[in-house]
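Chemist: Fold the following.
(2 chains, ligands or ions: 2)
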Amino acid sequence: MLDVHGLRKVYEGSGRRTEAVRDLTFTVEAGELVCLVGPSGCGKTTLLKCVGGLLSPTSGEVRLAGRRVDGPPPGTAFVFQEYGRSLFPWMRVGQNVELPLKQKKLSRERRRALVADALESVGLADAAGAYPWQLSGGMQQRVAIARALAYEPEVLLMDEPFAAVDAQTRADLEDLVRRLWRERGITILFVTHDIDEAVYLGERVIVLSASPTVVREQLKVDLPDGRDQVHTRVSPRFAELRTRVYEQIQAAKRGR
Amino acid sequence: MKGADAALGAAGLAAFLVLCEAVPRLGLVDDDYFPPAGRVADALGRELADPAFWSALGDTLTGWALGLAIAVGAGVVLGVVISVVPYLRQVTASTIEFLRPIPSVALIPLAVLLYGTELRSVLLLVVYAAFWQVLVQVLYGVRDVDPVAEETARSYGLGPWARVRHVLWPTALPYVMTGVRLAAAVALILAVTAELVIGAPGLGARIAVAQTSQAVPEMYALIVVTGVLGLLINVGARSVERRALAWHQSVRGEVAV
Ligand SMILES: Nc1ncnc2c1ncn2[C@@H]1O[C@H](COP(=O)(O)OP(=O)(O)O)[C@@H](O)[C@H]1O
Ligand SMILES: [Mg+2]
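Modeler: Numbers count the residues shown, from 1 in each chain, chains lettered A, B, ... in the order given. Ligands and ions are numbered 1, 2, ... in the order given. As a prediction, this is how the structure comes out:
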């Protein structure tokens, strides 16, 4: 489904040169939920923007369903870390969710139905008339997720979407993502710096090294499908997996 | 709180009027050139009853509104084009910095040469003065576009036009509104100046006539009218601004997360 091959990205400008990503190769199968975890500043956002066609790689390539990505591909939705800035404050929640659909030449009824369904899915059915800035942080991020869902993407790219919400909200949102993934069969690439989150959410965890970034290890998460915050997180297998990821990241930081 | 402020404001204004009445009557100034407020009010009453006054007011408002509309239209369109087309901003920056500070009144001889005392003379000056107010604000406003909002729009496949309409324009709107409010004030100043100096029909020309015919109270009455006009324009612009920007933090008085 998604092929990242030899991806390298160097930022150049104002006399500074940053090699954000050195050489990344991995694939994501259709319908998979993959978590990318790596230390802060290792180039996760850069990678995700290359995958989403928002940045063009310095070398290497990204292929989506066999086609080379050289601009935002139609079936891809992006959920940004900065949800507050990603929602448009001049539009109500419903309008925010509907805007991308207007580009898709859908009928008005179809758009209405998709918006209502998406807001319902994230538990914000009655917030359609509010402005984003009238909502809490967690609710805003749910609006951003609803906007992505309504777009009916095949691939959903999420960039540390829960880094800025409180722990309880975060747990709820994690369960929301897993539920939506199971219900809708979307391919999800989820970026995080939080090891527990990566193991709890993913079917597979890709561990990135510190900058200059390469794939350090790929780990299958063989936890049961139906996960829940209380039991999954205390299971011995969960502890093993998170220890394994933790060690990899520590080793990555030491640069071995 | 608000009621108390308004009461104090009204009291201040009343005191000012009493002063304007008293100072000439006490002989502190020559009441030929500075008639008491009562006599100015009488003159104002006479003006309001005179159809010629109303047609002068209409002329001034026509020059003002037309000029403002042209300036706003041109300022918005050019501002957006300059910001959106690559390198155009850099190419135009120094020219704009050079043209902008030229006082519009310096163009009066040119206006007379081109159009005499026609409405077009007034328009030239009004448009030149108001245009820069709008253009500069639009250029600032567009620079304020949030990169995350812009990337969001791109990631959802919004094309250039849709991004101008749904991201760039709403971001720039608060600035545009400020520009329009400033332009509206400047446009009135230039409309009256043009009439006064060039003699194009309007309140300005009527002030000049009152002056040359020694109708001093009438002259003051007309000056008061221009002041009230300026006040109404400012109040009107602010209320339009508040309506259009109900979502905006400067109006709603709280900061987004
Ligand atoms: N637009 C940019 N210009 C220059 N350097 C950048 C830019 N964006 C990110 N970087 C640099 O690239 C590196 C990776 O950044 P980023 O992808 O944001 O990492 P992460 O999301 O993992 O925290 C950092 O060193 C950062 O300073
Ligand atoms: Mg990041």
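Chemist: So the residue nearest the centre of chain A versus ligand 1, what's the distance?
Modeler: Per C-alpha atoms, centre = their mean, the C-alpha nearest to the average position across chain A is that of A:M158, at 1.5 Å. A:M158 is 12 Å from ligand 1, where distance means C-beta to the nearest ligand atom, to the nearest Å. For every residue, glycine as well, the C-beta is placed using N, CA and C.
Chemist: In three-state terms, how would that residue be classified?
Modeler: Following DSSP: H, G, I helix; E, B strand; the rest coil, A:M158 is assigned to strand.
Chemist: hey, what's it bridged with?
Modeler: Using DSSP bridges, the bridge partners assigned to A:M158 are A:V79, A:F190.
Chemist: need the contact list for it.
Modeler: A:78-79, A:177, A:188-191 (C-beta atoms under 8 Å, 6 or more residues apart in numbering or on different chains).
Chemist: Check the spacing between it and A:R184 real quick.
Modeler: Distance of A:M158 to A:R184, given as C-beta to C-beta, to the nearest Å: 14 Å.
Chemist: where do the strands sit along the stretch 1-150 of chain B?
Modeler: Applying DSSP state E, counting those that start in this stretch to the stretch 1-150 of chain B gives no strands.
Chemist: low-confidence ranges in it?
Modeler: For the stretch 1-150 of chain B, applying pLDDT under 70 flags the ranges B:1.
Chemist: Run through the helices of it in chain order.
Modeler: Along the stretch 1-150 of chain B, counting by DSSP state H, counting those that start in this stretch, helices occupy B:2-25, B:37-48, B:51-84, B:88-99, B:108-115, B:119-143, B:147-155.
Chemist: okay, the ones you listed in TSV with mean neighbour count and distance to A:T232 next?
Modeler: Conversion of the helices of the stretch 1-150 of chain B to TSV gives the following (neighbours: other C-beta atoms under 10 Å in any protein chain shown; distance: least, C-beta to C-beta, whole Å):
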stretch	mean neighbour count	distance to A:T232
helix B:2-25	11	57
helix B:37-48	17	82
helix B:51-84	18	50
helix B:88-99	12	54
helix B:108-115	15	79
helix B:119-143	23	47
helix B:147-155	20	31
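Chemist: Those helices: which one's closest to A:E98?
Modeler: helix B:147-155 (13.6 Å; C-beta to C-beta).
Chemist: What about contact with chain A: does the helix or strand just after the closest one have any residue there?
Modeler: Going down the chain from helix B:147-155, the next helix or strand is helix B:160-163, by DSSP states H and E. Yes. Residues of helix B:160-163 contacting chain A under C-beta under 8 Å from any C-beta of the partner chain: B:A162.
Chemist: what's near enough to touch residue 163?
Modeler: You didn't say which chain, so I picked chain A. By C-beta under 8 Å, 6+ apart, the residues touching A:A163 are A:81, A:192-194.
Chemist: um, chain B though
Modeler: By C-beta under 8 Å, 6+ apart, the residues touching B:R163 are B:150, B:153-154.
Chemist: same thing but at 10 Å, please
Modeler: By C-beta atoms under 10 Å, 6 or more residues apart in numbering or on different chains, the contact set of B:R163 is B:84, B:145, B:149-150, B:152-154, B:169.
Chemist: and what of A:R16?
Modeler: Per C-beta under 10 Å, 6+ apart, neighbours of A:R16: none.
Chemist: How about the one 4 residues further on?
Modeler: By C-beta under 10 Å, 6+ apart, the contact set of A:A20 is A:8-11, A:41-47, A:49-50, A:55, A:58, A:211-213.
Chemist: quick one: it and A:G38, what's the gap?
Modeler: 11 Å.
Chemist: Make a ChimeraX selection of the buried ones in the contacts of A:A20.
Modeler: Burial among the contacts of A:A20 is assessed by 16 or more other C-beta atoms under 10 Å in any protein chain shown; the matching ChimeraX selection reads:
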select /A:8,9,42,43,44,45,46,47,49,50,55,211,213
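Chemist: Strands - which of the contacts of A:A20 land there?
Modeler: A:8-11, A:213 (DSSP state E).
Chemist: Out of these, which is nearest to A:A239?
Modeler: A:T213 (26.9 Å).
Chemist: For the closest one, report the pLDDT, please.
Modeler: Looking at A:T213, its pLDDT reads 85.
Chemist: Okay, now the unreliable bits of the stretch 151-256 of chain A?
Modeler: A:255-256.
Chemist: hey, where'd the helices end up in it?
Modeler: Along the stretch 151-256 of chain A, the segments classed as helices by DSSP H, counting those that start in this stretch run A:167-184, A:195-201, A:229-232, A:236-254.
Chemist: Switch the ones you listed over to a markdown table; also include mean neighbour count.
Modeler: Below are the helices of the stretch 151-256 of chain A laid out as a markdown table (neighbours: other C-beta atoms under 10 Å in any protein chain shown):
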| stretch | mean neighbour count |
| --- | --- |
| helix A:167-184 | 16 |
| helix A:195-201 | 23 |
| helix A:229-232 | 12 |
| helix A:236-254 | 15 |
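Chemist: show me the contacts for B:L61.
Modeler: Listed by C-beta under 10 Å, 6+ apart, the contact partners of B:L61 are B:188, B:191, B:202-203, B:229, B:233.
Chemist: actually B:P103, sorry about that
Modeler: Contacts of B:P103 by C-beta under 10 Å, 6+ apart are B:125, B:128-129, B:190.
Chemist: what's the most distant pair in those?
Modeler: Farthest pair in those, by C-beta to C-beta: B:Y128 and B:L190, 7.9 Å.
Chemist: can you list residues touching both of the two?
Modeler: The contact lists of B:Y128 and B:L190 share B:67, B:103-105, B:107, where a contact means C-beta under 10 Å, 6+ apart.
Chemist: so how far is chain A from the residue in the stretch 51-200 of chain B that ligand 1 sits nearest to?
Modeler: Per C-beta to the nearest ligand atom, B:P147 is where the stretch 51-200 of chain B lies closest to ligand 1, at 9.0 Å. B:P147 sits 8 Å away from chain A, going by C-beta to the nearest C-beta, to the nearest Å.
Chemist: For burial, what's the neighbour tally of the nearest residue to B:T193 once chain neighbours are set aside?
Modeler: Distance criterion C-beta to C-beta, 6 or more residues apart in numbering or on different chains; nearest residue to B:T193, sequence neighbours excluded, is B:V105 at 6.1 Å. Residues lying near B:V105 (other C-beta atoms under 10 Å in any protein chain shown) number 16.
Chemist: which residues touch B:V105?
Modeler: Shown in contact with B:V105 (C-beta under 10 Å, 6+ apart): B:111, B:125, B:128-129, B:189-190, B:193-194, B:197.
Chemist: Looking at the contacts of B:R163, spot the one nearest chain A.
Modeler: When the contacts of B:R163 are compared for distance to chain A (C-beta to the nearest C-beta), B:T152 wins out at 4.6 Å.
Chemist: Show the pLDDT at that closest one.
Modeler: Listed pLDDT for B:T152 reads 95.
Chemist: Please apply the same query to B:Q249.
Modeler: So B:Q249 comes in at 66 (pLDDT).
Chemist: give the contact list for the residue nearest to A:D225 when sequence neighbours are not counted.
Modeler: Leaving aside its sequence neighbours, A:D225 sits nearest to A:R182 (C-beta to C-beta, 6+ apart; 7.4 Å). A:R182 sits next to A:31, A:33, A:225-226 when contact means C-beta under 10 Å, 6+ apart.
Chemist: Take the contacts of B:V105 and lay them out in CSV including distance to A:L173.
Modeler: Putting the contacts of B:V105 into CSV (distance: C-beta to C-beta, whole Å) gives the following:
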residue, distance to A:L173
B:A111, 64
B:L125, 59
B:Y128, 55
B:A129, 53
B:I189, 56
B:L190, 57
B:T193, 61
B:A194, 62
B:V197, 67
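Chemist: out of those residues, who's nearest chain A?
Modeler: Using C-beta to the nearest C-beta, B:A129 is the member of these that sits closest to chain A, with 29.9 Å.
Chemist: Next to chain A, which bits of the stretch 51-200 of chain B? Give me the list.
Modeler: Residues of the stretch 51-200 of chain B lying close to chain A (C-beta under 10 Å from any C-beta of the partner chain) are B:146-159, B:162, B:166-167, B:169-171, B:173-174.
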